[in-house]
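In: Dropping a prediction and its sequence here:
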Amino acid sequence: MLFDVLLLLCLGLPAFVIAQGSLWPAALPLAVRSPYLNSYINSVAGTTLPNQWPTFWNENRILGWSGWIRVDGTTYELWGQSGTTTNLTNVEITPTRTKLSITAGTMNVNVTWLSPIEPSNIALQSLPFSYIYLEASSNDGAAHTIQFYSDISCEWISGDSASLARWNTTNSDSTTYHMCTRQSPQTATEIGDLVEDAFVYYGTLNSDDASFQTGNDTVVRGDFRTNGALFNSVDTKFRAINQNFVVLGHAVDLGSISSTSSPVVFALGLVRDPAIIMTTPSGNQTRSSYFFSEYGTVGDAIDFFLGDFDNAQQRATDLDDKLLSDAKAVSTDYADLVSLAARQALAVDITVSHGSDGTFNTSDVMTFMRDTGNSRRTNPVEVIYAAFPAFLYFNATWAGSLLAPLLKYQASSLYSRSYAAPILVRLQCASYPYAAGNSNPNIFGALEDSADMLIMGWAHARFSGDGSMLREYYNLYKNFAGYMISNNVVKPSGYSDADGVDNANMTNLAIKGILGIKAMSEISSALGEHDDASTYSEQASSFYDQWKSLADSQGHLVSTYNELSSWALIYNLFADKLLGTKLVDNSIYTQQDSFYASQADVAGSHGLLYDSTVPDEVKSHWTILLCRDTLISLVHIQAASNASAGVFPTTYSADNGTAISGRASPAQGAMFSVLALNLHAQSVSASLGGKSKKSNIGAIVGGVVGGLAAGALAVLGFLLWRRRQRQKHERADLDESAWASKVADYSPQQQIHNPYENHPHGHTASQSISSMTYSSAPSAHAPAPPPPPPVPMQPAPQSGKSGLVHMAYGIPAPATSTSHQTWTSSSGASNPDTDHQSTQLRSEVENLRREMEEMRARTQYEPPPQYA
């Protein structure tokens with residue numbers, strides 16, 4: 001097998017490439033920030049990099065985007081497919097960047113695409129913009145006359161090249177940027193996976209050496225090739241995208257240099273407003289990208305984004321260094337996987353609603369995920385579950401905003417089922433970017449989805465410290481747990497798993513349901529609902545004993561109880577480790593380790609089947625949840641292979657690696673599962689109406705681990721109660737962040753661990769997400785005057801800037817919700833004001849007991865041998 005793998009990798013890599021590491025995927029991520037700003041470049045064996053057009057994630061749509069360097073009058077194309085080819089010498093992929101090192105004549109050039117990941121600033125994280133920056137140095141030691149050029153086409157704004165487009169160019173005090181959109185945008189509509197209501201932007205900082213031009217692709221590029229500069233002119237003849245392809249170009253003349261003193265930077269963005277249309281009891285609610293609440297207009301955001309490049313680059317470097325350090329402690333293969341998965345997992349829409357006065361309600365933050373690579377489903381529960389480790393790792397509060405839309409809808413009067421809905425849209429009625437709700441989901445995924453919601457709900461609270469959603473949706477969570485108990489989760493029949501497999505008595509589905517009930521016990525305990533906690537805990541233990549006797553009969557866990565020769569990757573055991581429930585015996589893990597090792601020896605060249613009853617299918621996202629070196633290496637073989645096309649798919653052939661489904665899926669956030677197991681549990685505070693119930697894990701446990709008698713526990717509990725009466729409006733300090741970095745200032749209502757310091761740029765944008773609850777020269781090729789333009793949309797606001805606006809059509813002001821809804825909850829959360837002091841005391845003592853047990857368990861737990 002090893003020889004086959006080495007042969008495969010050797011045949012897959014182009015001979016002229018000197019790769020920095022072992023990662024050479026079938027597609028390189030370029031600008032990946034949202035479901036629709038999601039571009040890659042094909043790097044399958046046989047292609048010539050970098051001389052390829054970037055494509056959309058589905059690889060069916062070319063996205064016109066090119067870059068050139070002009071050296072002493074000779075032009076070389078850095079990326080794209082319309083000029084003199086260059087020689088690629090190196091490729092580097094980090095969690096936030098893809099860098100191509102290229103030789104262009106006498107110059108060595110680095111081309112870097114940077115898609116920022118901003119754990120400490122939700123406004124920047126929600127901004128659907130990416131950087132591309134260029135650096136050069138001579139390879140002969142001499143100075144050379146250097147100009148850079150880059151453009152985009154309007155192919156970004158529609159899946160139909162016959163669509164009529166319009167564009168403009170705006171000069172602000174600090175930037176020049178182009179915009180293109182459809183003449184008649186189609187709201188929340190897709191063609192070939194591309195959305196039809198987007199505005200694409202391409203900008204750069206102003207300077208005496210910068211120039212711009214829009215027009216026919218051959219004309220604009222020809223002008224740069226001839227002159228090394230553009231004419232600051234605009235094409236006003238609006239037309240179809242594919243009619244004399246218009247390009248939106250920028251050029252920068254660096255003069256005679258031997259190396260760049262600072263990068264030449266461009267910014268690419270794809271903006272929509274509204275971003276999401278969500279069904280509520282009062283009608284449709286339009287939701288805008290969060291960044292609008294900080295920057296007001298797209299122009300303001302572009303000015304800030306380009307002006308902040310130096311800081312953003314440093315933040316990205318810090319994040320990459322920290323993440324790769326953590327990942328390399330596991331293995332270099334694992335570091336490659338998280339590098340490839342990070343941008344893919346976080347390509348979501350982070351939104352806010354509008355208040356009744358039209359202003360943004362920044363306390364109502366919801367994140368929406370498209371089922372990219374599989375369907376147009378909105379917030380599919382099983383995909384969110386797979387992606388959850390990445391969100392927990394970067395900022396656990398983000399995980400809560402992913403759950404919020406599902407919980408809000410299912411707790412409203414629009415939903416009456418006792419089990420969890422699988423998605424937030426009815427496919428027969430609407431699909432992403434609609435969140436139309438699913439009031440009547442089929443029953444087949446009821447166990448899978450209910451367990452997922454309980455596990456994720458507790459994981460979010462456990463690692464963020466925020467239990468407010470547990471309190472708000474407690475009765476809803478109880479419904480989910482009650483449904484699983486009533487429907488004999490130990491022997492699931494008539495239900496399917498996350499992948500649609502519907503065998504009776506599936507071991508993996510059963511243990512997920514059991515762990516979901518155990519998570520419900522932890523939720524109840526954190527809220528002081530100890531009778532419930534005891535009931536759920538006892539039920540989970542009883543179910544586990546039954547499960548073990550049925551599933552563990554062959555020296556390994558079977559796939560289904562009645563098929564003794566069957567086997568599967570029982571990846572749902574991951575929840576036991578993530579949540580620290582200690583429900584599953586260590587002997588189960590030990591025997592499964594041995595079994596997986598033996599299966600890996602005879603696995604296909606691209607990985608291990610996820611279930612013996614499903615032929616020739618590998619699931620990389622589920623495989624990685626097992627957190628074993630051998631299996632990590634198998635996933636890496638596929639990720640590092642460019643033998644077949646497909647943006648890092650979740651599902652592929654075990655024999656030849658051909659992608660089956662899940663291309664560019666955010667489910668690859670599962671690659672962060674090993675890192676998620678190293679996160680520290682936080683104090684869980686469940687606030688409602690000014691009071692809180694708190695489960696203190698950090699500050700108390702260290703002094704009492706030595707083992708206290710019952711009387712000492714009672715005394716300490718009483719002292720805790722006394723202190724709590726004095727400080728019940730104060731919040732205990734959280735444990736040190738998993739990032740081991742500084743924490744920004746947050747509101748008393750919620751503290752979030754922050755991997756970075758506040759941004760040093762001095763902008764007044766909020767630095768936290770603590771408020772969350774859930775002179776133009778004529779061109780020689782100037783076109784004829786255009787016909788009368790279409791009725792303009794609202795001009796792009798200029799915020800007082802004294803700049804020249806060319807054909808100033810812009811994205812409309814952020815949409816205002818068509819209805820200001822009042823959610824009617826059917827969950828009826830309990831009211832802490834009815835609690836008596838004795839109950840509070842009992843809660844504290846019980847919490848202390850649980851925390852001591854958890855600390856003791858952590859000190860005694862031995863990690864898998866691979867990571868010891």
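Out: Yep, that arrived.

In: what's the nearest residue to Ser661 if we skip its chain neighbours?
Out: The shortest distance from Ser661 to any non-neighbouring residue, by CB to CB, 6 or more residues apart in numbering, is to Thr651 (4.5 Å). Glycine gets a C-beta too; all of them are placed from N, C-alpha and C.

In: Quick check: bridge partners of that neighbour?
Out: Beta-bridge pairing for Thr651 (DSSP bridges): Lys619, Ser661.

In: Tell me if Thr226 really is in a helix.
Out: Yes - membership of Thr226 in a helix is supported by DSSP: H, G, I helix; E, B strand; the rest coil.

In: Could you report the neighbour count for it?
Out: 12 (other CB atoms under 10 Å).

In: who are the neighbours in contact with the residue nearest to Ser661?
Out: Counting by CB atoms under 8 Å, 6 or more residues apart in numbering, Thr651 touches 617-620, 659-662.

In: Now do it, the pLDDT please.
Out: Here the pLDDT value assigned to Thr651 is 97.

In: any idea how far it lies from Gly607?
Out: 10 Å (CB to CB, to the nearest Å).

In: Name the residues contacting each of the two.
Out: Residues touching both Thr651 and Gly607 (CB under 8 Å, 6+ apart) are 618, 620.

In: follow-up on the earlier one: so how do I select the buried members of the contacts of Thr651 in ChimeraX?
Out: Of the contacts of Thr651, the buried ones go into a single ChimeraX selection, burial set by 16 or more other CB atoms under 10 Å:
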select :617,618,619,620,659,661,662
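
In: Check His250 and give its pLDDT.
Out: Per-residue confidence (pLDDT) for His250: 98.

In: for Thr112, that is, sorry about that
Out: Looking at Thr112, the pLDDT reads 98.

In: again, but for Ser82
Out: At Ser82, pLDDT is 74.

In: Quick one: classify His399 as helix, strand or coil.
Out: His isn't right for residue 399; it's Ala. Taking three-state DSSP, the label given to Ala399 is helix.

In: hang on, it packs against Phe391?
Out: Yes - using CB atoms under 8 Å, Ala399 is in contact with Phe391, at 4.2 Å.

In: Of all the residues in stretch 496-512, which ones are buried?
Out: Those would be 496-499, 501, 503, 505-512, for stretch 496-512 by 16+ other CB under 10 Å.

In: So which bits of stretch 308-319 are buried?
Out: Neighbour counts over stretch 308-319 (16+ other CB under 10 Å) mark 308-309, 312-313, 315-316, 319 as buried.

In: can you give me the helices for the stretch 451-600 of the chain?
Out: Secondary structure of the stretch 451-600 of the chain (DSSP state H, counting those that start in this stretch): helices located at 468-472, 474-486, 507-526, 530-551, 574-579, 586-601.

In: Need those helices in a markdown table (columns: distance to Asn442 and mean pLDDT).
Out: A markdown table is the format used below for these (distance: least, CB to CB, whole Å; pLDDT from 0 to 100):
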| stretch | distance to Asn442 | mean pLDDT |
| --- | --- | --- |
| helix 468-472 | 26 | 97 |
| helix 474-486 | 14 | 98 |
| helix 507-526 | 16 | 98 |
| helix 530-551 | 24 | 97 |
| helix 574-579 | 24 | 98 |
| helix 586-601 | 32 | 94 |
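
In: so which of those helices is the most packed in?
Out: helix 507-526 (a mean of 28; mean count of other CB atoms under 10 Å).

In: That one - contacts with which helices or strands?
Out: helix 446-464, helix 474-486, helix 530-551, helix 574-579, strand 691-695, helix 837-860 (3 or more CB pairs under 8 Å, 6 or more residues apart in numbering; DSSP states H and E).

In: now the second one: how far from the chain's centre is it?
Out: So that's helix 474-486. Chain-centre distance of helix 474-486: 28 Å, with CA atoms, centre = their mean, to the nearest Å.

In: still on that earlier bit, so between Ala399 and Phe391, which is more surrounded?
Out: Ranked by neighbour count (other CB under 10 Å), Ala399 and Phe391 place Phe391 first, with 30 against 27.

In: Next one, pLDDT for the more buried one please.
Out: At Phe391, the predicted lDDT confidence score is 98.

In: same check, this time on Asn562
Out: Asn562 is assigned 86 on the pLDDT scale.

In: What is the burial count for it?
Out: So Asn562, with other CB under 10 Å, has 11 neighbours.

In: quick one, phi psi at the closest residue in space to it that isn't next to it in sequence?
Out: Nearest residue to Asn562 in three dimensions, chain neighbours excluded: Asn505, at 5.8 Å (CB to CB, 6+ apart). Recorded main-chain torsions at Asn505 are phi 60, psi 50, according to degrees, to the nearest 10.

In: For Asn505, list the residues it contacts.
Out: 491-493, 550, 560-562.

In: Filter the residues you listed down to the buried ones and hand me the PyMOL line.
Out: Of the contacts of Asn505, the buried ones go into a single PyMOL selection, burial set by 16+ other CB under 10 Å:
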select buried, resi 492+550+560+561
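
In: a markdown table please, covering the contacts of Asn505 and showing distance to Ile69.
Out: Below are the contacts of Asn505 laid out as a markdown table (distance: CB to CB, whole Å):
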| residue | distance to Ile69 |
| --- | --- |
| Lys491 | 66 |
| Pro492 | 60 |
| Ser493 | 64 |
| Leu550 | 65 |
| Thr560 | 60 |
| Tyr561 | 64 |
| Asn562 | 65 |
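
In: Which of the contacts of Asn505 sits closest to Ile588?
Out: Leu550 (13.0 Å; CB to CB).

In: Now the closest one: closest residue in space that isn't a chain neighbour?
Out: Leaving aside its sequence neighbours, Leu550 is closest to Tyr561 (4.6 Å, by CB to CB, 6+ apart).

In: For Thr507, see how far away that neighbour is.
Out: 7 Å.

In: Quickly list what's touching both of these two.
Out: 550-551.

In: contacting residues for the residue lying closest to Gly105 once chain neighbours are set aside?
Out: Spatial nearest neighbour of Gly105, chain neighbours left out: Val71 (4.7 Å); criterion: CB to CB, 6+ apart. Neighbour list for Val71: 104-107, 144-146 [criterion: CB under 8 Å, 6+ apart].

In: Nearest residue to the middle of the chain?
Out: Closest residue to the average C-alpha location of the chain: Leu346 at 1.4 Å, with CA atoms, centre = their mean.

In: So the spatially closest residue to that one that is not a sequence neighbour, which state does it fall into?
Out: In this structure, Leu346 finds its nearest non-sequential neighbour in Ile117, 6.2 Å apart by CB to CB, 6+ apart. Following three-state DSSP, we place Ile117 in the coil state.

In: Can you give me every residue that contacts Ile117?
Out: For Ile117, the contacting residues are 95-96, 125, 316, 319, 342-343, 346, 394, by CB under 8 Å, 6+ apart.

In: Surely the residue nearest to the centre of the chain touches Phe394?
Out: Yes - between Leu346 and Phe394 there is a contact at 7.4 Å, judged by CB under 8 Å.

In: This completes my enquiry, with thanks.
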